[in-house]
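> With the input below, show me the fold.
(one chain, ligands or ions: 2)
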Amino acid sequence: MATKRSVGTLGEADLKGKKVFVRADLNVPLDDAQNITDDTRIRASVPTIKFLLEKGAKIVLASHLGRPKGVTPKYSLKPLVPRLSELLGVNVVMANDCIGEEVEKLAAALPEGGVLLLENVRFYKEEEKNDPEFAKKLASVADLYVNDAFGTAHRAHASTEGVTKFLKPSVAGFLMQKELDYLVGAVANPKKPFAAIVGGSKVSTKIGVIESLLAKVDILILGGGMIYTFYKAQGYAVGKSLVEEDKLELATSLIEKAKAKGVSLLLPTDIVVADKFAPDAESKIVPATAIPDDWMGLDVGPDATKTFNEALDTTQTIIWNGPMGVFEFEKFAAGTEAIAKKLAELTTSKGVTTIIGGGDSVAAVEKAGLADKMSHISTGGGASLELLEGKPLPGVLALDEA
Ligand SMILES: Nc1ncnc2c1ncn2[C@@H]1O[C@H](COP(=O)(O)OP(=O)(O)O)[C@@H](O)[C@H]1O
Ligand SMILES: O=C(OP(=O)(O)O)[C@H](O)COP(=O)(O)O
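Numbers count the residues shown, from 1 in each chain. Ligands and ions are numbered 1, 2, ... in the order given. The predicted structure follows:
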């Protein structure tokens, strides 16, 4: 598979005095007052930039933020400058644009060890169109390219893909390399037994990842909103729980595939049901086979958690994508928190490799204060999902082969 090839890395390039175009994913959440509410992605980009600075490179740093349609002040990268400067220990210079005369002048004036942050590349529609002329303009201010934007590697955009046609070498940064090592390497050659935990709202968004993981895992644990489609497919009553009627056959076929491949497929045996979809809903624990009419399943129950924990105790590698329940509501967060705690315990006390795919499972691990206890937490939701599905990532394919 194309994404399994090894990509060129930083150590191989001669960097002193060179202008390096670094594409990072600095797409961080901002509140209404433009304060950064989670700086994980900025911190994750620091090792590559620091390494380049120490080698005497001059850095032209680019990212997108949000999904702006044209120039939109609330999606400016300016609010990131103080935090970036603090983390890097240099005064980051900010450009008002990502291409053009001002950028050319600022880039030409960069000292060795200097950082120029370009304005949001998505202020130009040419970015998402992967327009070659736009990519050429981005590339024109630098000598070589480093892609550390794993979270955007599934997008074939000008700053993630097109620009590589104009800058040589084009290599992966340390974050990109680490993400690939875990999400491709550890999954392709896992220490066995290997378990996957897949949750989240709908089975339709996780079909690809479930099918792909079924070929690799020994144990597959399912939770979240998708399980009700599996229950209904097996003839259970599911009350008002989330069900995708057009995926019932698919659920049956996934159960059969697991059986045929000898994968131990674990569906929760008990459920926390609610009388409405709200944080203050009435709740009770019922067997998965006895969900009352007018109630909906919003979390996995304690028996399920016990069974999941016992299964996870036997493993050496675990990958987790998607929460077990509506963890945003305290009453329905226990199943998700229990998985986060179990993975933290197994990583720290037994050396189990634990990989958290991006998205809401990362939010849940962070909410539980356990982020630093896992082997790897991905900075990309969509990108990690596509990688786990076995899809090649355009931002990775475009880089030089090692
Ligand atoms: N039983 C459930 N019913 C409805 N929604 C659920 C249920 N369990 C989990 N969810 C919701 O699924 C959402 C996450 O789904 P998804 O986006 O597929 O996961 P991820 O972002 O981890 O890939 C969360 O907002 C969570 O509240
Ligand atoms: O936040 C991102 O993706 P994610 O929410 O899937 O992790 C990336 O920055 C990519 O952004 P995009 O989905 O607008 O291309």
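> Quickly check: stretch 276-284 near ligand 1 or not.
No: Stretch 276-284 stays clear of ligand 1 (Cβ under 6 Å from any ligand atom), getting no nearer than 7.2 Å. Glycine gets a C-beta too; all of them are placed from N, C-alpha and C.
> and that stretch, how far from the chain's centre?
Computed by Cα atoms, centre = their mean, to the nearest Å, the chain-centroid distance of stretch 276-284 equals 30 Å.
> for the protein, where's the lowest mean pLDDT among helices and strands?
helix 187-188 (a mean of 86; mean pLDDT, DSSP states H and E).
> if we look at that one, which residues are touching it?
For helix 187-188, the surrounding residues in contact (Cβ atoms under 8 Å, 6 or more residues apart in numbering) are 4, 213, 216, 319, 355, 388.
> Export the residues you listed to TSV and append columns for distance to ligand 1, secondary structure and pLDDT.
TSV is the format used below for those (distance: Cβ to the nearest ligand atom, whole Å; DSSP: H, G, I helix; E, B strand; the rest coil; pLDDT from 0 to 100):
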residue	distance to ligand 1	secondary structure	pLDDT
4	23	helix	39
213	14	helix	95
216	19	coil	94
319	12	strand	96
355	13	strand	96
388	11	helix	91
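> Please pick the buried ones from the residues you listed.
213, 216, 319, 355, 388 (16 or more other Cβ atoms under 10 Å).
> re earlier: and of the contacts of helix 187-188, the nearest to residue 262?
Nearest to residue 262 out of these is residue 216 (Cβ to Cβ; 12.1 Å).
> residues contacting the closest one?
187, 188, 190, 194, 196.
> now the residue in the stretch 151-300 of the chain positioned nearest to ligand 1: how far from residue 162?
Using Cβ to the nearest ligand atom, the single residue of the stretch 151-300 of the chain nearest to ligand 1 is residue 200, 2.5 Å away. Applying Cβ to Cβ, to the nearest Å, the value for residue 200 to residue 162 is 32 Å.
> Convert stretch 165-175 to PDB, retaining C-alpha atoms only.
The C-alpha coordinates for stretch 165-175 follow below in PDB (Å, rounded to 0.1, in the frame of the first residue of the first chain):
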ATOM      1  CA  LYS A 165       6.300  20.000  -7.300                       C
ATOM      2  CA  PHE A 166       8.300  23.200  -6.900                       C
ATOM      3  CA  LEU A 167      10.500  22.500  -3.800                       C
ATOM      4  CA  LYS A 168      13.100  19.800  -3.500                       C
ATOM      5  CA  PRO A 169      13.700  18.100  -1.300                       C
ATOM      6  CA  SER A 170      10.200  17.700   0.100                       C
ATOM      7  CA  VAL A 171      10.300  15.800   3.300                       C
ATOM      8  CA  ALA A 172       8.200  14.800   6.400                       C
ATOM      9  CA  GLY A 173       8.600  16.600   9.700                       C
ATOM     10  CA  PHE A 174       8.900  14.800  13.000                       C
ATOM     11  CA  LEU A 175       5.200  14.900  13.800                       C
END
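> quick one: buried residues of it?
Applying a neighbour-count criterion of 16+ other Cβ under 10 Å, one finds 166, 167, 169, 170, 171, 172, 173, 174, 175 buried in stretch 165-175.
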